[in-house]
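Enquirer: the following block contains a protein sequence and its predicted model.
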Amino acid sequence: MIDVRQVRHDPELARRALARRRDDGAMAQLDRVLELDARRLEVLGEVERLRAERNEASREFGRRKQAGEELGDLQADLAARAARLKDLEEDLREFDSLLEAHLLAIPNFLHEDAPEGDAAANREVRRWGTPRQFDFAPRPHWEIGAELGLFDLPRGSRLAGSGFPLFTGMGARLVRGLANFMLDLHVREHGYLEVQPPYLVNATTARGTGQLPKFEDDLYRVERDELYLLPTAEVPVTNIHAGEILDAAVLPIAMVAYTPCFRREAGSHGKDTRGLIRVHQFDKVELVRICRPEESEAEHERITRHAEVVLERLELPYRVVTLAGGDTGFASARTHDLELWAPGIDGWLEASSASTFTDFQARRAGIRFRPEPGAKPEFAHTLNASGVAFPRTIIALLENGQQADGSVRLPDALVPYVGTDRLVAST
RNA sequence: GGACAGGUGGGUGAGUGGUUGAAACCGCCGGUCUCGAAAACCGGUAUACCGGCAACGGUAUCGAGGGUUCGAAUCCCUCCCUGUCCGCCA
């Protein structure tokens, strides 16, 4: 959530920050916020004045009654004032909820470093690894997976619908191995605390990280219990410290979680849906960091690197892309995507998004820290990065590791986790 | 799912309609004492919003949201959560 006082204080700054998102709707919301805020403040002033009067009069009432003095028409007079106050308080509540609703719908201010423009303006900042030269035509992962019995997409569809993959045999073993490999790396070498969060979250939690109220259509919802399936572990993990005032000494907090993710992918039907490219359920290891504001710039670089190391250990060529304003997610101030090279489909695939949210999520979720003992609490900054998402990593592993004989060579780092250096057809 | 008991400040925990934003203790910060520390003693110590350069003033907050009342931590309603027992169950 953006800071309404900052908007009030410098509307032009807010306008400029939002303009870079190429989001006309957000701009209109901002104007509405300014208007609502001004009117709310008027009503608030009046309500507080009336309440002060009432409190004073009620104290007098109590004093007189205790002293056995004459009350006269004081009670009737106060009752009339109370009715007037009640009306105004209702107005105030209305303004409060309207203002909040609009504020919740406004995206985060962009980092000045995010390129101007839409997705076409995304900026590649570095590349790692060299795409392999093939002496045969590399095949797409869905052919390799089906042939080696790693996954069975038709039967997965039968169980739940298209986009719900069924991994089988060594494919299932590969998923398990990837989970352990990534968790071990982040816990042992990068210093993260391993957590295993709930896979369903309530509306408050989903609002804390920015999925609600604007993106409800992207979530699977369990209506009966008013819960949502998590679209990413970012949601429960970032909210672990919601509503808390943290001791500065515990910062930065670094947590890693391995969870399934559920996404309705509303509006993206028919786009990049072959094989495992875009699915409704997938596994992911997620990194979350909570830090002091002055650290978030360095933390963003750090968390991005932590995700990159995963890809490097897996010997997968990738590039880092800083998203342009028009392509940056709602809650993010700046996002670095890690894109894997997939020779079978001849394209780059986003396997990780590393974002800094500045205080946007911290405001929504109420994540604060006390800079010094006795000092006023401040909002923390939050960051997260996939470290990394499984399906596209599996795509890259299969397509980059495929051999002329149809088998797939696995990177050394994975051998102890999967128990083999080569995936072959199980006859 | 049923029954009962509860949810108060960083922690423990008083408080059942009128200077209670809230006793007391612990913790924390500052001071006295000490070569230094501990102990003891003294003082301070919630959060948010509004107004103000500030000092400060006002308002709200005792799980959440409504209601009753001149006035609610205290009474009523709904919801959430925790504990105990029963039921069911991996």
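Expert: Nice, thanks for sending it over.
Enquirer: need the contact list for residue A:74.
Expert: A:57, A:60-61, A:64 (C-beta atoms under 8 Å, 6 or more residues apart in numbering). Any C-beta I mention is one placed from the backbone N, CA and C, and that applies to glycine too.
Enquirer: quick check: it vs RNA strand B, distance?
Expert: Taking C-beta to the nearest atom of the strand, to the nearest Å as the measure, residue A:74 and RNA strand B are separated by 8 Å.
Enquirer: residue A:416 now?
Expert: Counting by C-beta to the nearest atom of the strand, the gap from residue A:416 to RNA strand B is 29 Å.
Enquirer: repeat for residue A:43
Expert: Distance of residue A:43 to RNA strand B, given as C-beta to the nearest atom of the strand: 11 Å.
Enquirer: what about that residue, neighbour count?
Expert: Neighbour count for residue A:43, taken as other C-beta atoms under 10 Å: 18.
Enquirer: which helices and strands sit right next to whichever strand or helix holds it?
Expert: Per DSSP states H and E: residue A:43 is located in helix A:24-67. Contacting helix A:24-67 under the criterion 3 or more C-beta pairs under 8 Å, 6 or more residues apart in numbering; DSSP states H and E are the following elements: helix A:4-9, helix A:11-19, helix A:74-104.
Enquirer: quick one: least confident helix or strand in chain A?
Expert: Ranking every helix and strand in chain A by mean pLDDT, DSSP states H and E puts strand A:245-247 at the bottom, with a mean of 84.
Enquirer: strands paired with that strand, and their directions?
Expert: If you go by DSSP bridges, strand A:245-247 pairs up with strand A:368-370 (parallel).
Enquirer: got the buried residues for the strand it pairs with?
Expert: For strand A:368-370, burial by neighbour count (16 or more other C-beta atoms under 10 Å) applies to A:368-369.
Enquirer: got a list of contacts for that strand?
Expert: With contact meaning C-beta under 8 Å, 6+ apart, strand A:368-370 is reached by A:244-248, A:250-251, A:292, A:362, A:376-380.
Enquirer: what's the burial count for residue A:68?
Expert: 7.
Enquirer: wait, a strand at residue A:288?
Expert: Yes. Under DSSP: H, G, I helix; E, B strand; the rest coil, residue A:288 falls within a strand.
Enquirer: same for the very next helix or strand once past the least confident helix or strand of chain A, what does it pack against?
Expert: Per DSSP H and E, strand A:245-247 leads on to strand A:253-262 as the next helix or strand towards the C-terminus. Secondary-structure packing of strand A:253-262 (3+ C-beta pairs under 8 Å, 6+ apart): helix A:170-184, strand A:193-195, helix A:234-238, strand A:281-291.
Enquirer: show me how far strand A:253-262 is from its chain's centre.
Expert: Chain-centre distance of strand A:253-262: 11 Å, with C-alpha atoms, centre = their mean, to the nearest Å.
Enquirer: residue contacts, residue A:417?
Expert: Counting by C-beta under 8 Å, 6+ apart, residue A:417 touches A:176-178, A:180-181.
Enquirer: and which of these is nearest RNA strand B?
Expert: Nearest to RNA strand B out of the contacts of residue A:417 is residue A:176 (C-beta to the nearest atom of the strand; 19.2 Å).
Enquirer: need the nearest residue in space to residue A:254, chain neighbours excluded.
Expert: residue A:192 (4.6 Å; C-beta to C-beta, 6 or more residues apart in numbering).
Enquirer: let me redo that: residue A:182
Expert: residue A:285 (4.1 Å).
Enquirer: hang on, the earlier thing: select, out of the helices and strands packed on strand A:253-262, the one closest to RNA strand B.
Expert: Of all the helices and strands packed on strand A:253-262, helix A:234-238 sits nearest to RNA strand B, with 14.7 Å by C-beta to the nearest atom of the strand.
Enquirer: how about the closest one: buried residues?
Expert: Buried-residue list, helix A:234-238, by 16+ other C-beta under 10 Å: A:234-238.
Enquirer: what about stretch A:366-381, average pLDDT?
Expert: For stretch A:366-381, the mean per-residue pLDDT is 84.
Enquirer: that one near RNA strand B anywhere?
Expert: Yes. Counting by C-beta under 7 Å from any atom of the strand, RNA strand B has neighbours in stretch A:366-381: A:368, A:370, A:373-374, A:376-377.
Enquirer: so who does the residue nearest to residue A:254 touch?
Expert: A:186, A:254-256, A:287.
Enquirer: now for these: which two are most distant?
Expert: A:186 and A:255 (9.4 Å; C-beta to C-beta).
Enquirer: report the set of residues contacting both of those two.
Expert: With C-beta under 8 Å, 6+ apart as the test, residue A:186 and residue A:255 both reach A:192, A:194, A:287.
Enquirer: please name the nearest non-neighbouring residue to residue A:187.
Expert: The nearest residue in space to residue A:187 (C-beta to C-beta, 6+ apart) is residue A:194, at 5.2 Å.
Enquirer: where do the strands sit along the stretch 251-400 of chain A?
Expert: In order along the chain, the stretch 251-400 of chain A carries the following strands (DSSP state E, counting those that start in this stretch): A:253-262, A:281-291, A:318-322, A:334-342, A:347-356, A:368-370, A:378-379, A:381-389.
Enquirer: out of these, nearest to residue A:142?
Expert: Closest approach to residue A:142 among the strands of the stretch 251-400 of chain A (C-beta to C-beta): strand A:334-342, 11.5 Å.
Enquirer: buried ones in the closest one?
Expert: Result for strand A:334-342 [16+ other C-beta under 10 Å]: buried residues A:334-342.
Enquirer: next one: stretch A:146-155
Expert: A:148-153.
Enquirer: mind checking which of those land in helices?
Expert: A:148, A:153 (DSSP state H).
Enquirer: hmm, which two among the buried residues of stretch A:146-155 are most spread apart?
Expert: A:148 and A:153 (13.4 Å).
Enquirer: which bits of the stretch 151-300 of chain A sit near RNA strand B?
Expert: Going by C-beta under 7 Å from any atom of the strand, the residues of the stretch 151-300 of chain A near RNA strand B are residue A:245.
Enquirer: re the thing from before, mind putting the strands of the stretch 251-400 of chain A into TSV with distance to residue A:22?
Expert: Listed next are the strands of the stretch 251-400 of chain A as TSV, based on distance: least, C-beta to C-beta, whole Å:
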stretch	distance to residue A:22
strand A:253-262	27
strand A:281-291	28
strand A:318-322	16
strand A:334-342	15
strand A:347-356	18
strand A:368-370	32
strand A:378-379	27
strand A:381-389	24
